[in-house]
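Colleague: have a look at this prediction, sequence included:
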Amino acid sequence: MLKWAVELGEFDLEYCPRMIIKGQALADFILEFNSEVDDKAIVLAEPSSQGNSPGGKREELPHPWWILHVDGAVNNSGSGADIVLVTLEGHRLMSVIHFKFYVTNNDAEYEALINGLKLALEVGVVNLIVRSDSKLVVNQVNGGFQARGPCMELYMRCTQCLLERFGNARLESV
């Protein structure tokens, strides 16, 4: 440490802590992102004066498919989750979570999946493809494997309930 202090001392460096800008940056990004979506909206049918088509049924605009990539990991230095939500246009909403509680690798995968689904619901996604590298989690949620233990069963049920809240959602293994 002393060696570095001597070597860097000639450059007159000062340490300045970073100000907290995460919240403002996220708010600015969401405002920017929403205005882009509004500018590129496609109208497939012009609404009539009453909002109904001649057949009596209201035509709905198709919802684009979003892709959610989730990955949970545990190692000696800690545990966490990576979440990437990708729009049709290629915009990426990224989130990283560091767990301050003990989790197994499968728990971390489920935490990543659940938090990713909550993020997608908050953004207003209707059609979703979820991609996870955990074959165990994918097969448990899709009904191929049985969940062992009360904790794993709670994670599985919570995930299934969240998936039901989407118009169309499917969980795939990568």
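Modeller: Nice, thanks for sending it over. Numbering: from 1, shown residues only.
Colleague: tell me the first helix or strand C-terminal of the helix or strand of the chain with the lowest mean pLDDT.
Modeller: Least confident helix or strand, the chain: helix 22-39 with a mean of 57, by mean pLDDT, DSSP states H and E. Per DSSP states H and E, the first helix or strand lying C-terminal to helix 22-39 is strand 65-75.
Colleague: for that following strand, name the packing helices and strands.
Modeller: The contact analysis (3 or more Cβ pairs under 8 Å, 6 or more residues apart in numbering; DSSP states H and E) places strand 65-75 against strand 78-86, helix 105-123, strand 127-132. No exception for glycine: its C-beta is placed from N, CA and C like everyone else's.
Colleague: and the first one, what's buried?
Modeller: So that's strand 78-86. 79-81, 83-86 (16 or more other Cβ atoms under 10 Å).
Colleague: what lines up beside it in the sheet?
Modeller: strand 65-75 (antiparallel), strand 92-99 (antiparallel) (DSSP bridges).
Colleague: residues in contact with that strand?
Modeller: Defining contact as Cβ atoms under 8 Å, 6 or more residues apart in numbering, one finds that strand 78-86 is touched by 66-73, 92-99, 102-103, 108, 111-112, 115-116, 119-120, 123, 125.
Colleague: dump that strand to PDB, keeping only the CA atoms.
Modeller: The C-alpha trace of strand 78-86 is given here as PDB (Å, rounded to 0.1, in the frame of the first residue of the first chain):
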ATOM      1  CA  GLY A  78     -21.700 -14.000  -1.900                       C
ATOM      2  CA  SER A  79     -24.800 -14.600  -3.900                       C
ATOM      3  CA  GLY A  80     -26.900 -12.600  -6.300                       C
ATOM      4  CA  ALA A  81     -29.100 -12.500  -9.400                       C
ATOM      5  CA  ASP A  82     -28.800 -11.000 -12.900                       C
ATOM      6  CA  ILE A  83     -32.000 -10.000 -14.700                       C
ATOM      7  CA  VAL A  84     -32.200  -8.600 -18.300                       C
ATOM      8  CA  LEU A  85     -35.500  -7.700 -19.800                       C
ATOM      9  CA  VAL A  86     -35.300  -7.200 -23.600                       C
END
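Colleague: chain center to that strand: distance?
Modeller: Centre-to-centre, strand 78-86 and its host chain are 8 Å apart (Cα atoms, centre = their mean, to the nearest Å).
Colleague: of the buried residues of strand 78-86, which is the nearest to Glu14?
Modeller: Gly80 (31.9 Å; Cβ to Cβ).
Colleague: for the closest one, give its distance to Glu111.
Modeller: Separation of Gly80 from Glu111 (Cβ to Cβ, to the nearest Å): 9 Å.
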